[in-house]
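# Here is the input, now give the coordinates:
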Amino acid sequence: MRVRCRAAPDPRSDAVGRLELESTPEGLWIAYESVSRYREGYAPGPVAVPTEHRVPWRAVRFTRVGAEHLRLAVQEPLSPFAHFFLRDFTRTEPARWIARARPRGRLSSPQVVLTEFCHALEGQLGAPVDSEMALPAGLELGASSSLRRVPRSAVACAIVFAAAGLAALMLGKAPLVSALAPAASVEAVLSSSPSAAPASSLPSDGAPSLRGGPELSPAPMPEPPSLPPPLLGGGCECIRHESVLWQRPPPRLTALVTRQQPRTHAAHQHLEIELAVVNNGERDVDNLSVGVRFQIARPGPPGSNEAPVQRSLSLPGSLGPGHQVSWKVEGRGDRFELQVPDLGRLDEDGLDAAPVDSFISLAERSGGGVRLHAGMMLAFLGDARARATLQRLRPGLSANELVYLDRLLDTTADLQVCQLRVSAVGNATRVQSCLYNAGEQPRANFELLVRALRPTPDPQDPGLAPPETLADELLSWSGTLGSRRGRRLELTLNLPRAEPPVERWLELIARQKESAQ
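Numbering: from 1, shown residues only. Okay, the predicted model is just below:
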């Protein structure tokens, strides 16, 4: 569910202005339209640049709802603002039955929209939204009171059910006039009216069911016989192609195991590894120290032959930007764990990364996974030489490394897909993104490959197995996209559900459709 609201001044908030919120399975999306920094007793700061941020649900610190407001706090590094006092809730896309009933009553009032949005938050957070509403005077909620046992959300739910019932009555009296709409739109409105809904879809009290989908709908909508084609909307722009390889920016230090070789020493199993550490940042790293812990599946107590073995590796001096250092280390065991200093991650725009020339040199002079990592950094930074450099790396790669290389080559094409947002629409999946032509020539007639992938712990490591493909779908449509131009792209997909259900990544690859010979 997506709503628009206003961040009002409050002593406990740090933002004022207009914004949009959307509750999705992937997290809470916050789109800042005209938001300024706020501090009690001071004038608001300049308006921030309109941006959009995804906050995972685990980073939503608390929510408290009042009669007409919602307090929201999120983890600050994930958003430029952290504390909000939100009022004046409205829908960004009102449901048709509410829009038609609006002349007869204010059923889309801020209170109703706030209540519905709180239910969407509860569904994602897995817990009721706390209430700040005071009890009426003289009302006591003792341990034996029946009201004590009613969940906070029950009262709000009753309000929404009552509003929905009132809308159903009003819809019977509202004229079904849509002179400016095409016939198909009128049929769609008629099919969504309560009078057209089967009696079995209504509860015993006659109120429309509110559990059928993400929007307030008087009855579950039947699945369409065929999904709508891709829709192109307003203009947009991509900085880089969105890829599962950089869902988060690369770390400032990357450790890569370029080789590992087990061998038997006396009666013990030993493991020998070759390790490389690359400095991705623009600053030198001084006195670098890395730890490697070797052990067997069931390690013994300290001092025994089965005890874990710790190895320490250090580099006197500095590791320059875009440079690597390599070690060969061995220990008793059949598995290992790396202990690499965490220096944080690069900025989203990559302006604090090492010079691209250093990664060009690293790709040409290194071997194994280091050269693929250098190619990944070139693709992430959007360097014009990335594609030619990557194509020279193909000889001698393993099967897993070839999948990694092809994924990188997809990100260097002229047709780019970015600003990816995924949400559920009933049994279907809605995908919103930006399709951008970074080339010098217009493009026409497109193909879009949509892959559902099983997540992996570290997709940026070329030495690990790539994400497993769960499903894929190829879409095509006609149209023209000018040079250095982008359009909003919206898709509705029927991706097969895995059994048991698993989390999925989506990967979108756009291409120009080959003309028929």
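# just checking, what packs against the helix or strand where Ser433 lies?
Element membership for Ser433 (DSSP states H and E) is strand 428-437. Applying 3 or more Cβ pairs under 8 Å, 6 or more residues apart in numbering; DSSP states H and E, we find strand 428-437 packed against strand 415-425, strand 443-453, strand 485-493, strand 505-512. Where C-beta positions appear, they are placed from N, C-alpha and C, glycine not excepted.
# Would you mind putting those into a markdown table with mean neighbour count, mean pLDDT and distance to Leu346 alongside?
Shown next, in a markdown table, are those (neighbours: other Cβ atoms under 10 Å; pLDDT from 0 to 100; distance: least, Cβ to Cβ, whole Å):
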| stretch | mean neighbour count | mean pLDDT | distance to Leu346 |
| --- | --- | --- | --- |
| strand 415-425 | 19 | 87 | 17 |
| strand 443-453 | 18 | 90 | 23 |
| strand 485-493 | 18 | 89 | 24 |
| strand 505-512 | 20 | 91 | 21 |
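# In a markdown table: these, plus distance to Cys118.
Converted to a markdown table, the helices and strands packed on strand 428-437 look like this (distance: least, Cβ to Cβ, whole Å):
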| stretch | distance to Cys118 |
| --- | --- |
| strand 415-425 | 18 |
| strand 443-453 | 31 |
| strand 485-493 | 27 |
| strand 505-512 | 28 |
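# residues in contact with stretch 441-452?
In this structure, residues lying in contact with stretch 441-452 by Cβ atoms under 8 Å, 6 or more residues apart in numbering are 230, 414-415, 417, 431, 435, 437, 469-483, 489, 491, 493, 495, 504-513, 515.
# Kindly export that stretch (C-alpha atoms) in CSV.
What follows is stretch 441-452, C-alpha atoms only, in CSV (Å, rounded to 0.1, in the frame of the first residue of the first chain):
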residue,chain,number,x,y,z
GLN,A,441,21.4,5.9,-31.0
PRO,A,442,17.7,5.5,-30.4
ARG,A,443,16.5,2.0,-29.6
ALA,A,444,13.2,0.3,-30.6
ASN,A,445,11.4,-3.0,-30.1
PHE,A,446,12.6,-4.4,-26.7
GLU,A,447,13.0,-7.7,-25.0
LEU,A,448,13.1,-8.0,-21.2
LEU,A,449,14.4,-11.1,-19.5
VAL,A,450,13.1,-11.4,-15.9
ARG,A,451,14.9,-13.9,-13.7
ALA,A,452,13.9,-14.9,-10.1
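# What is the neighbour count of Pro301?
Per other Cβ atoms under 10 Å, the neighbour tally for Pro301 reads 7.
# show me what contacts it?
Shown in contact with Pro301 (Cβ under 8 Å, 6+ apart): Ala307.
# Just to be sure, it is in a strand?
No - Pro301: not assigned to a strand; according to DSSP: H, G, I helix; E, B strand; the rest coil it is coil.
# roughly how far apart are it and Ala307?
Per Cβ to Cβ, to the nearest Å, Pro301 is found 6 Å from Ala307.
# Now do the strands in the stretch 201-350 of the chain.
231-235, 253-265, 268-279, 285-295, 309-319, 324-332, 335-339 (DSSP state E, counting those that start in this stretch).
# any idea which of these is most buried?
Burial of the strands of the stretch 201-350 of the chain is given as mean neighbour count (mean count of other Cβ atoms under 10 Å); strand 268-279 ranks first at a mean of 19.
# helices or strands up against that strand?
strand 253-265, strand 285-295, strand 309-319, strand 324-332, strand 335-339, helix 368-381.
# got the CA coordinates for the helix or strand following the longest one in CSV?
Counting by DSSP H and E, the element after helix 368-381 in chain order, helix or strand, is helix 386-391. Coordinates of each C-alpha in helix 386-391 appear next as CSV, following Å, rounded to 0.1, in the frame of the first residue of the first chain:
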residue,chain,number,x,y,z
ALA,A,386,34.6,-2.0,-18.7
ARG,A,387,32.9,-4.0,-21.5
ALA,A,388,36.1,-4.4,-23.6
THR,A,389,38.1,-5.3,-20.5
LEU,A,390,35.6,-7.9,-19.4
GLN,A,391,35.5,-9.5,-22.8
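# can I assume Ala276 is in contact with Arg259?
No - using Cβ atoms under 8 Å, Ala276 is not in contact with Arg259; the gap is 9.8 Å.
# shared neighbours, these two?
Gly368.
# partner residues bridging Thr24?
Gly27 (DSSP bridges).
# measure it to Gly233 for me?
Separation of Thr24 from Gly233 (Cβ to Cβ): 19 Å.
# do the same with Gly322
40 Å.
# what does Glu22 give?
16 Å.
# Glu116 now?
Per Cβ to Cβ, Glu116 is found 25 Å from Gly233.
# In CSV, could you pull the C-alpha coordinates for the strand holding Ser433?
The C-alpha coordinates for strand 428-437 follow below in CSV (Å, rounded to 0.1, in the frame of the first residue of the first chain):
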residue,chain,number,x,y,z
ALA,A,428,1.0,-11.8,-9.2
THR,A,429,4.1,-9.8,-8.8
ARG,A,430,4.4,-6.1,-9.7
VAL,A,431,7.8,-4.8,-10.8
GLN,A,432,8.5,-1.1,-11.2
SER,A,433,11.7,0.1,-12.6
CYS,A,434,13.4,2.6,-15.1
LEU,A,435,14.4,1.5,-18.6
TYR,A,436,17.2,3.8,-19.8
ASN,A,437,19.0,4.0,-23.1
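# Check the offset of that strand from the chain's centre.
Strand 428-437 has its C-alpha centroid displaced from the chain centroid by 13 Å (Cα atoms, centre = their mean, to the nearest Å).
# Buried ones in it, by neighbour count?
Within strand 428-437, the residues that count as buried by 16 or more other Cβ atoms under 10 Å are 428-431, 433-437.
# Direction included, what does that strand pair against?
Assessed with DSSP bridges, strand 428-437 is paired to strand 415-425 (antiparallel), strand 485-493 (antiparallel).
# Leu372: which of those strands is closest?
Nearest of the strands paired with strand 428-437 to Leu372, taken as Cβ to Cβ: strand 415-425 at 20.8 Å.
# So what angle separates the directions of the closest one and strand 505-512?
Relative orientation of strand 415-425 versus strand 505-512 (axes from the mean of the first three to the mean of the last three Cα atoms, to 10 degrees): 140 degrees.
# need the contact list for Ala48.
So Ala48 contacts 32, 35-37, 80 (Cβ under 8 Å, 6+ apart).
# any idea how far it is from Pro467?
34 Å.
# same question, Ser23
Taking Cβ to Cβ, one finds Ser23 at 26 Å from Pro467.
# what's the answer for Leu453, then?
Distance from Leu453 to Pro467, by Cβ to Cβ: 4 Å.
# what does Phe359 give?
24 Å.
# go on, Val112?
Relative to Pro467, Val112 is positioned 42 Å away (Cβ to Cβ).
# and Gly281, how many neighbours?
Count around Gly281 with other Cβ under 10 Å applied: 22.
# Tell me the bridge partners for it.
Beta bridges link Gly281 to Ala353, judged by DSSP bridges.
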